[in-house]
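**Student:** build me a structure from this.
(chains A and B)
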Protein chains: 2
Amino acid sequence: MERHEFFMKKALEEARLAGSEGEIPVGAVITCNDRVIARAHNQTELLNDVTAHAEILAITAAATALGGKYLDGCTLYVTLEPCVMCGGALAWARLKELVYGAADPHRGYARVAPPVMHPKTRVIPGVLARECTELVDRFFTNKRKRGEEG
Amino acid sequence: MERHEFFMKKALEEARLAGSEGEIPVGAVITCNDRVIARAHNQTELLNDVTAHAEILAITAAATALGGKYLDGCTLYVTLEPCVMCGGALAWARLKELVYGAADPHRGYARVAPPVMHPKTRVIPGVLARECTELVDRFFTNKRKRGEEG
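**Tutor:** Modelled structure (predicted):
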């Protein structure tokens, strides 16, 4: 668990970076044999692209780093439970292990479409959940205070 | 329907292009006010990236063309029923209308996770279904004949 918290902290760093850029603060890190091979944060606003979630960008970066498109030896750490799009992408990538922090009861894959994830992917939810949840909650609270839409 | 067949033929052209490049032959076209604003085909092999489905590439291209990330005035034509990843992406994009050709009973979003699609998206299946289905079936038949894996 210590190892998972270590890498989740790296994902949290990415998430904070996203928040500082006005993006919904979600960050992801991909490891292979406990070495970070990719890190990314949500860039939907910057790239003007709904598909630019942290996980999608991290999958693409990891495949480039590995020189192969399957992540069957990799762990993805992400601060927020993946949405269905990202769950589907992780399934195509044949991810070995998914570790996430905050649950997303509205948009998370587990509520909308639990069978999305690849059957071989081990899922570990709730790592540093409090920090991960607070980061997102604070972002939306501030947004509402400023009268912006979510 | 004639209009839908017209644009599906453009998507079929893209799909054939993918097939000629050794990719699973799936093509997509996005229109806005009946003008093509994006076209793309599956490039998972070329880009070495499981997320490089025709729909994902087309969404990104359309957002660039529109200068905005929502496709709420757009129709996406795709030769094969979108997978869950692409269904989720189309939901984030708030797509107005989805028109597809061949059904995908194994990987299509409708079987795995029908609620994935945005509730406002109108879905029209089965346009030029025979041509669209044959294209994919032929690809996999040839692959098997050559003894390659799917």
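**Student:** any chance of the backbone angles for residue A:55?
**Tutor:** phi -70, psi -40 (degrees, to the nearest 10).
**Student:** let's verify the nearest residue to it once chain neighbours are set aside: helix, strand, or coil?
**Tutor:** The shortest distance from residue A:55 to any non-neighbouring residue, by C-beta to C-beta, 6 or more residues apart in numbering or on different chains, is to residue A:86 (4.0 Å). Where C-beta positions appear, they are placed from N, C-alpha and C, glycine not excepted. Assigned state for residue A:86: helix (three-state reduction, DSSP: H, G, I helix; E, B strand; the rest coil).
**Student:** now do the helices in chain A.
**Tutor:** A:2-20, A:44-47, A:54-66, A:84-92, A:109-112, A:129-145 (DSSP state H).
**Student:** rewinding a little: the residue nearest to residue A:55 contacts residue A:58, doesn't it?
**Tutor:** No - using C-beta atoms under 8 Å, residue A:86 is not in contact with residue A:58; the gap is 9.5 Å.
**Student:** need the overlap of contacts for those two.
**Tutor:** When C-beta atoms under 8 Å, 6 or more residues apart in numbering or on different chains defines a contact, the residues bordering residue A:86 and residue A:58 alike are residue A:78.
**Student:** and the helix or strand bottoming out on mean pLDDT in chain A, what other elements does it pack with?
**Tutor:** One helix or strand of chain A scores below all others by mean pLDDT, DSSP states H and E: helix A:109-112, with a mean of 89. Helix A:109-112 sits against helix A:84-92, with contacts defined as 3 or more C-beta pairs under 8 Å, 6 or more residues apart in numbering or on different chains; DSSP states H and E.
**Student:** packing partners for the helix it packs on?
**Tutor:** helix A:54-66, helix A:109-112, helix B:84-92.
**Student:** quick one: it to helix B:54-66, angle?
**Tutor:** 140 degrees (axes from the mean of the first three to the mean of the last three C-alpha atoms, to 10 degrees).
**Student:** helix A:84-92: how far from the chain's middle?
**Tutor:** Relative to its chain's centre, helix A:84-92 lies at 11 Å (C-alpha atoms, centre = their mean, to the nearest Å).
**Student:** how about stretch A:64-84?
**Tutor:** In this view, stretch A:64-84 has its centroid 9 Å away from the chain centroid, taken as C-alpha atoms, centre = their mean.
**Student:** give me the buried positions along that stretch.
**Tutor:** A:66, A:69, A:71, A:74-84 (16 or more other C-beta atoms under 10 Å in any protein chain shown).
**Student:** what's the mean pLDDT across it?
**Tutor:** Averaged across stretch A:64-84, the pLDDT comes to 97.
**Student:** go ahead and confirm residue A:13 touches residue A:28.
**Tutor:** No - if you go by C-beta under 8 Å, residue A:13 and residue A:28 don't touch, sitting 10.9 Å apart.
**Student:** higher neighbour count, the two?
**Tutor:** Shown here are residue A:13 and residue A:28; by other C-beta atoms under 10 Å in any protein chain shown, residue A:28 has more neighbours (31 against 14).
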